[in-house]
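Peer 1: Please find the sequence and the predicted model below.
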Amino acid sequence: MNKRFEDIVLDGVLPTGARLVIDTQLQNAILIKGNILLEQIHLGNKEYITLLALCGTFPRGCPYEGLLAVLKNINEDEAELLLKSAVQRGDKQGFERLMRPIRTFISRLRMDVSPLGIDISHDKEGLYGIAKPVKRDFLYDRIKARLEAEVGEEAAALPS
């Protein structure tokens, strides 16, 4: 009998004391700290099994073949054979046709799981994995600070 709730250990990704719990029946991903529910998202079937695949390979990462297998509902050996065949034929466009849906899907999944405080990263070896979010609004923050400084200077220059 399967467990309804699965605790996912993501050391170094989630804040201290927080944990990710997967509701296997409802396909919900839940961020909990202590007894407090911080965030909960519902995942579609492909998102759910992809997140489980990524969590299952944490911290190492999940290869393209693993993600292709999940998304095409085939086994990993078949996915590897598809990719190798495209490379052996010198069919870079065919290879890209296989990979593009993965990249697109992962991009959407990244947005879906961001409220949980996790990100999905990609490395040079072709592994996708769960990661700590990178602060993506640094440019916004830098411009905002500059504007606030300019407003502060203008306000200081106004006669009292």
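Peer 2: Thanks, I have it. Numbering: from 1, shown residues only.
Peer 1: would you list every one of the strands in the chain?
Peer 2: For the chain, the strands defined by DSSP state E occupy 5-8, 18-23, 28-33, 36-42, 62-63, 119-122, 127-131.
Peer 1: who's in contact with Phe95?
Peer 2: Counting by Cβ atoms under 8 Å, 6 or more residues apart in numbering, Phe95 makes contact with Leu83, Ala86, Val87. Just so you know, the C-beta spots here come from the backbone N, C-alpha and C atoms, and that holds for glycine as well.
Peer 1: Could you list the low-pLDDT ranges of this protein?
Peer 2: 1-2, 135-143, 151-160 (pLDDT under 70).
Peer 1: Sketch out the helices for it, chain order is fine.
Peer 2: Secondary structure of the chain by DSSP state H: the helices cover 45-56, 64-72, 76-88, 92-113, 138-157.
Peer 1: Now render the ones you listed as TSV, adding distance to Ile130.
Peer 2: TSV is the format used below for those (distance: least, Cβ to Cβ, whole Å):
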stretch	distance to Ile130
helix 45-56	5
helix 64-72	13
helix 76-88	19
helix 92-113	9
helix 138-157	22
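Peer 1: winner for burial among the ones you listed?
Peer 2: Mean neighbour count (mean count of other Cβ atoms under 10 Å) peaks for helix 64-72 among these, with a mean of 20.
Peer 1: Give me the distance between that one and the centre of its chain.
Peer 2: Averaging C-alpha positions (Cα atoms, centre = their mean, to the nearest Å) puts helix 64-72 15 Å from its chain's average.
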